[in-house]
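Can you look at this prediction? I've put the sequence above it.
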Amino acid sequence: MDIVDQSIHELHRSLKAGEVSSVEATRAMLARIEAVEPQIGSFITVTAGQALADAEAADRRIAAGRMDVLTGIPLALKDIFLTEGIRTTCGSRILSNFVPPYSATSWEKLKQRGVVLLGKLNQDEFAMGSSNESSAFGTVRNPWDTTRIPGGSSGGSAAAVAARQATATLGTDTGGSIRQPASHCGCVGLKPTYGRVSRYGVIAYASSLDQVGPLTRDVTDSAILLGAVAGYDPKDSTSVNTPVPDYTAVLTGTVKGLRIGLPREYFIAGLDPDVQKAMDAAIETYRQLGAEFVDISLPHTDYAVATYYLIATAEASSNLARYDGVRFGHRAEEASGLLDMYTKSRSQGFGAEVKRRIMLGTYALSSGYYDAYYVKAQKVRTLIMQDFMRAFEGVDVILTPVAPTPAFRIGEKADDPLQMYLSDIFTIPVNLAGTCALSVPAGFSSDGLPIGLQLIGKPFCEETILRAAHAFEQVTEWHTRKAVI
Amino acid sequence: MRFQPVIGLEVHVQLKTDSKIFCGCSTSFGSEPNSQTCPVCLGLPGALPVLNKKVVEFAIKAGLATNCSITPRSIFARKNYFYPDLPKGYQISQFEDPICQRGWLDIQVEGQELKRIGITRIHMEEDAGKLVHGEVSGLEEGSGVDLNRACTPLLEVVSEPDLRSSDEAVAYLKQLHQIVTWLGICDGNMEEGSFRCDANVSVMPVGSDVYGTRAEIKNVNSFKFVKQAIEYEIQRQIDLIEDGGRVVQETRLFDPNAGKTRSMRGKEEAHDYRYFPDPDLVPLVIDAAWVEQTRQELPELPECRRQRFMAAFSLPAYDAEVLTASRELADYFEACVALGANAKAVSNWVMGEITRSLNDSSTSIGTCPISPRLLVELLKLIDVGTISGKIAKTVFDEMWRSGKEPAAIVEEQGLVQVSDSGAIESIIDEILAREAGQVEEYRSGKDKLFGFFVGQVMKASKGKANPTVVNELLLSKLKG
Ligand SMILES: [Zn+2]
């Protein structure tokens, strides 16, 4: 198998057997990036020199017999992760010159394992978007059909995996930003439980919803990467101090007796027929594997999108106040006075979608509106959380589509924010509930576009959804298909 | 019409923790601008706050010492506004559910009855940095931001509008100041801004129960200025109303040079801080055991100690008040008494010579060169008659300078009191012979001259003659 097509665990075997060196694997990846980047646009920054240095260090480590499963593996990070000494833009003009003096905890953890950093991946500006069209660094194209969006906000992270530009990537998920692009690009995307992975050094969009997770070729890789980045971090007060299990050890291939809930609110009329077909087939597959299905209800689903756009934008309006041109980032030239500097720097630095969300959030927090919007949204959030907790009294996992449709065309929803917001209708409730979910390839549309299946688990039960997804992967071949560019 | 002032105070107390409230940076002052910073207090992207437990402990102490109830689950909130000294564009503070609620302090204004002043709340928050203009090397033009102070811990203590005069306001402030310094949670330095006060002042007609519109006077940094600022503001509002005007709700700044408050129009106008719970910090849960443990560790508070000093050592109220001005002074006094000295004698010395010498040398009792043991040694020498009280003051001054044992000083300088009547008698004889004229006058009824003879004897003995013996002998000899 071509090096660029290998998963983490496959490449690890090759490295371990001495069939290939990390430098060779890295060169192959860099060559692939160069070859397909003009059509895809996954990267904001390619760190070729750094990557080769990392790879040489990894090869020495391998030679010394100090390797683990991630040593020498070429990865790439969404440009939302702070990487010391390497420009980190968050897809925004306002950070186009920002070189951070410290690194995200999740990146530190991977670095210690000896991974190779290929570069920083494109994304919607400040992770605000579902199509990757809001990036200040250009649109990313879907490797399966370059006239279509890859999904967002971790569009570069998903496209890079599908286009074989990185063995695996990290993204972040605030309302579906890992799962939806994973679904659209045909890879495995996992959003862990809130608090499972440290947010330290990850640029905040909506602090109570943001979570770091892997985008990978298959479920085993997802388990490997999650295990590498998960765990309590004293630098993140919201990270939770519970032990991290060996996620790869639970991939037994069996789901016999697993109780899977099907929420009636997610299987609605208007669901794309190809998506519906893929879901039906998946349900049948699980039935054959011995899983049991239970009809469930998540009654407050209808309010999820509105709730999300109040809470996320409220938090964002405050989180993005620090981009003021004073200490770092873009500062407008020729400003007369402080207020003018603020206004011009932010007007020039932020794109339209970011401005829209800052205004929405500022409004929701304003005196006189706070109770009607922010407080009410928090109450609904609690109800949505309770929906899930009640459902999980009777089921182990919940199965739903990831997105109502396969990837739409570039520009199709760019002028209609509401339509765009609705494309996250199935993923948003999971962030509001704070629990975990993943997207695993489950079929293709008649146009040949990937369709993902969402498995939602109980809080801190990532192993259950990984085991269920892995069992599905064992008896299907969707994840083995490859985009032709 | 006569007016009744209504005053509420908001006091910012800077806490004396080693590190900042949400990061590990040092809180010490005077270092290079921005040298005591990290991603968290610089507000860099991706940085997250982690609460310093010591700050919580200090806040609980302050709450208990001011009779507040401690909130079992309190919340941090973001106060949003743009300013260059505020790196994140919001200040982490508390809004709903602050850590301490519903407390009180009893204050005493001289000549008035004890009065209870309500404390609405005490909350924790981070301080901002500061702007520097031109006075920093490397800063050729424009303004700079020094974030060393950003993220240092503050408590804000908010009183009820229970104060009715500038004297009450000052009494309340002094008591609060004493408590926070007594607890060791604040250095109390008002000039450097460790203890600063905003005053909300309004007036209403006497007999009314509807408060007038209030003005907020910002950052008044001494007790004297608080008094001045409040008095000025009360009079300004009364004059305004009597002239047919109306008080507007606004923020005013006290100008100590002019002794006036003036409007800060513009800056604070209609701010909407958009408070909301900070999603980066989990709710602060304080269990009863923690509160109880802190309560146990609380030092005896000034008021209790004052009462005890009066009861246990039979001290006058005045002495007890002075000796409990600070915890260190009270500790010093008690250490002396514990070493066996007479309480009133110690009190006299502490209030007298010790306080005078501390003031003269601008030091505090914590660095007093005369330890309680040395002071007690000195008092013993007086007790047993080795030296007189007068000589003791000479010895004291030498102890202050050299730190030597009092007995050694007495020995070296030959200051031992002469009580031997033979030796004293011969001095007296000599003087009476020399001053025959004065003796005649005394004997003819000029009693006042007795003091003159005592003075002459003491002078001749270089102060060492035992005054009691001198008195006795002189009296009998002068009788003739
Ligand atoms: Zn710091």
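Arrived safely.

mind checking the SS state of B:Ile217?
Per DSSP: H, G, I helix; E, B strand; the rest coil, the secondary structure class of B:Ile217 is strand.

Pull the contacting residues for it.
Counting by Cβ atoms under 8 Å, 6 or more residues apart in numbering or on different chains, B:Ile217 makes contact with B:Asp198, B:Ala199, B:Asn200, B:Val201, B:Ala229, B:Ile230, B:Glu233, B:Thr251, B:Arg252, B:Leu253, B:Phe254, B:Thr261. Using the backbone N, CA and C atoms, a C-beta is placed for each residue, glycine as well.

Including secondary structure, distance to A:Tyr303 and neighbour count, could those go into a markdown table?
A markdown table is the format used below for the contacts of B:Ile217 (DSSP: H, G, I helix; E, B strand; the rest coil; distance: Cβ to Cβ, whole Å; neighbours: other Cβ atoms under 10 Å in any protein chain shown):
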| residue | secondary structure | distance to A:Tyr303 | neighbour count |
| --- | --- | --- | --- |
| B:Asp198 | strand | 42 | 18 |
| B:Ala199 | strand | 46 | 28 |
| B:Asn200 | strand | 42 | 20 |
| B:Val201 | strand | 47 | 29 |
| B:Ala229 | helix | 52 | 28 |
| B:Ile230 | helix | 52 | 26 |
| B:Glu233 | helix | 50 | 27 |
| B:Thr251 | strand | 41 | 18 |
| B:Arg252 | strand | 46 | 22 |
| B:Leu253 | strand | 48 | 16 |
| B:Phe254 | strand | 51 | 23 |
| B:Thr261 | strand | 50 | 24 |
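
Which residues does B:Val132 form beta bridges with?
B:Gly144 (DSSP bridges).

Tell me how many other residues crowd the closest residue to the ion within the stretch 51-200 of chain A.
At 11.6 Å from the ion, A:Tyr102 is the closest residue in the stretch 51-200 of chain A, using Cβ to the ion. Applying other Cβ atoms under 10 Å in any protein chain shown, we find 17 other residues in the vicinity of A:Tyr102.

Same check on A:Ala35?
Count around A:Ala35 with other Cβ under 10 Å applied: 15.

Now do the helix or strand hosting it, average pLDDT.
Using DSSP states H and E, A:Ala35 falls within helix A:22-40. Average pLDDT, helix A:22-40: 98.

How far does that helix sit from its chain's centre?
On the basis of Cα atoms, centre = their mean, to the nearest Å, helix A:22-40 sits 22 Å off its chain's mean C-alpha point.

Output it as PDB - backbone C-alpha positions only.
C-alpha atoms of helix A:22-40 as PDB (Å, rounded to 0.1, in the frame of the first residue of the first chain):
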ATOM      1  CA  SER A  22       9.600   8.500   9.100                       C
ATOM      2  CA  VAL A  23      11.600  10.800   6.800                       C
ATOM      3  CA  GLU A  24      10.500   8.800   3.800                       C
ATOM      4  CA  ALA A  25       6.900   8.900   5.000                       C
ATOM      5  CA  THR A  26       7.100  12.600   5.700                       C
ATOM      6  CA  ARG A  27       8.600  13.300   2.200                       C
ATOM      7  CA  ALA A  28       5.800  11.300   0.600                       C
ATOM      8  CA  MET A  29       3.300  13.300   2.500                       C
ATOM      9  CA  LEU A  30       4.900  16.600   1.600                       C
ATOM     10  CA  ALA A  31       5.000  15.600  -2.000                       C
ATOM     11  CA  ARG A  32       1.300  14.700  -1.900                       C
ATOM     12  CA  ILE A  33       0.500  18.000  -0.200                       C
ATOM     13  CA  GLU A  34       2.300  19.900  -3.000                       C
ATOM     14  CA  ALA A  35       0.600  17.800  -5.700                       C
ATOM     15  CA  VAL A  36      -3.000  18.200  -4.600                       C
ATOM     16  CA  GLU A  37      -3.000  21.400  -2.600                       C
ATOM     17  CA  PRO A  38      -3.800  23.600  -5.600                       C
ATOM     18  CA  GLN A  39      -7.100  21.700  -6.000                       C
ATOM     19  CA  ILE A  40      -7.900  21.200  -2.300                       C
END
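
Quick one: mean pLDDT for stretch A:212-223?
On average, stretch A:212-223 scores 98.

Please apply the same query to stretch B:359-372.
For stretch B:359-372, mean pLDDT is 88.

Counting neighbours, which bits of that stretch end up buried?
By neighbour count with 16 or more other Cβ atoms under 10 Å in any protein chain shown, stretch B:359-372 contains the buried residues B:Ile365, B:Cys368, B:Ile370, B:Pro372.

before we move on, back to that, which residues sit in contact with the residue of the stretch 51-200 of chain A closest to the ion?
So A:Tyr102 contacts A:Leu82, A:Glu84, A:Gly201, B:Pro39, B:Leu44 (Cβ under 8 Å, 6+ apart).
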